[in-house]
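A.B. asks: Could you look at this predicted model? Sequence included:
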Amino acid sequence: MALKATIFKADLQIADMDRGYYGGHALTLARHPSETDERMMVRLLAFALFAGERLAFGRGLSTEDEPALWLKDLTGAIALWIEVGLPDERDIRKACGRADRVVVLCYGGRGADLWWEQNRAKLERLRNLDVMGLPADTSKELAALASRSMTLQCTIQDGQAWLTDGNLTVPINPVRLQETGRDRGC
């Protein structure tokens, strides 16, 4: 019997002073059986960093041709493609061909550092790609916020973010590994 996704609900309030975006989102996150709380919460963080009315979660790990999150314009064209983790370089190149802008939010400590070292030369050629890294302790702390029903607040200012559930606050300082120079998103 196949395992089913676990459903998480999040009431997320966002105050993004860098972009002037303020909003509340009632989110439903389906955590694939092979997905960790850490990865799911990094997806939630990615949503907070790039929030907008049309930003949506992809169908998940079992769907190869969809990102973790994406934003489509009114014509259906992909304006923003967001991956989390350590995606394959070929998949990133393919995404860069399909979307106006691609963002990779990598995490995983030394593994993420090795991934960047191995892929940096090829990825630096992609002009519509941003790569951001999360320190290992940050992604672990984000996992501690995971619960089946979450009420979270995210504040973003000067390129930094704070995610809190009212009891635990996680400071987030993404490291910018590669930037396109665009202002949209964190």
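C.D. replies: In hand now; what should we look at? Numbering: from 1, shown residues only.
A.B. asks: Stretch 157-168: which residues count as buried?
C.D. replies: By neighbour count with 16 or more other C-beta atoms under 10 Å, stretch 157-168 contains the buried residues A161, L163, T164, D165. For glycine as for every other residue, the C-beta is placed from the backbone atoms N, C-alpha and C.
A.B. asks: ignore the last one, stretch 52-70
C.D. replies: G52, L55, F57, G58, G60, L61, E66, P67, A68, L69, W70.
A.B. asks: Name the nearest of those residues relative to L126.
C.D. replies: P67 (14.8 Å; C-beta to C-beta).
A.B. asks: Roughly how far does the closest one sit from L55?
C.D. replies: 11 Å (C-beta to C-beta, to the nearest Å).
A.B. asks: how far does stretch 151-171 sit from the chain's center?
C.D. replies: With C-alpha atoms, centre = their mean, to the nearest Å as the basis, stretch 151-171 stands 15 Å off its chain's centre.
A.B. asks: Low-confidence regions, the protein specifically.
C.D. replies: Counting by pLDDT under 70, the chain contains low-confidence residues at 1-2, 60-63, 181-186.
A.B. asks: Do a quick rundown of the helices in this structure.
C.D. replies: Secondary structure of the chain (DSSP state H): helices located at 37-49, 89-98, 110-123, 136-144.
A.B. asks: ok, the spatially most central residue of the chain to L69 distance?
C.D. replies: When C-alpha atoms, centre = their mean is applied to the chain, the residue found nearest the centroid is A46 (2.7 Å). A46 is 6 Å from L69, where distance means C-beta to C-beta.
A.B. asks: Next: G166.
C.D. replies: 25 Å.
A.B. asks: what's the answer for T75, then?
C.D. replies: Taking C-beta to C-beta as the measure, T75 and L69 are separated by 19 Å.
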